[in-house]
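> for reference, the sequence and a predicted model appear below.
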Amino acid sequence: MLINEREFYINGLHYTIRSAIGEDAKELSELRLQIDGETENLDREKGEDFIDIPRFEQIIKTDSEKRRNLFLVAVVHNRIVGFSRCEGIYLNRFSHKVEFGVGVLKDFWGVGIGQNLLKESISWADSNGIKKITLNVLETNDKAIKLYIKFGFEIEGILKKDKILSDGKYYNTLIMGRWNE
């Protein structure tokens, strides 16, 4: 599904959030690879599960056409610096919910881009009859967990020793959900 572009001014930074378009595929492919190398908060290491340009074009096309999918990008000075996706499951028993994921370049952490991608996604979900948004977050990602709780998400479960990080230790993944009455 598509949304209208929104503009934000935070701490002197101007950026827009808009729906992804086919022309974004190359930049998104490169961006995702870079983000994966900047943090261990995500599931992938840099280069794992690489999405090439044609696959991104297909994802964007699908997300633009399907009612329960949303692909957003955050743009600063004509450069994509972050993205989020809500992906619906198209089985009847799961038709009320979507799964949310987000990634923002490290240089743009702390200026509200991730928060506004989340807010736009929640607004879209609430106005389109989606009752539940789910997500997974690494237990050590305190800022993200606090943000999700602030926006009505609750911890629904824990996947114990779910990920092994570069320090060789195992970490839990929190399963969080937000219900819209």
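The structure has been received and is ready for your questions.
> span of stretch 134-145 from start to end?
Start and end residues of stretch 134-145 are separated by 13 Å (Cα to Cα, to the nearest Å).
> cool, and stretch 160-180?
Per Cα to Cα, the first residue of stretch 160-180 is 27 Å away from its last.
> mind listing what's buried along that stretch?
The neighbour-count check on stretch 160-180 (16 or more other Cβ atoms under 10 Å) flags Asp162, Lys163, Tyr171, Thr173, Leu174, Ile175, Met176, Gly177, Arg178 as buried. To be clear about C-beta, it is placed using only N, CA and C from the backbone, and glycine gets the same treatment.
> which element is the third one on?
According to DSSP states H and E, Tyr171 maps onto strand 170-179.
> so what does that strand touch, helix or strand wise?
Strand 170-179 is packed against strand 132-138, helix 142-150, strand 154-164, with contacts defined by 3 or more Cβ pairs under 8 Å, 6 or more residues apart in numbering; DSSP states H and E.
> mind checking which of these is nearest Gly101?
strand 132-138 (6.8 Å; Cβ to Cβ).
> and the gap between Ile80 and Glu40?
22 Å (Cβ to Cβ, to the nearest Å).
> just name the most buried of the helices and strands packed on strand 170-179.
Counting by mean count of other Cβ atoms under 10 Å, strand 132-138 has the highest mean neighbour count of those, with a mean of 19.
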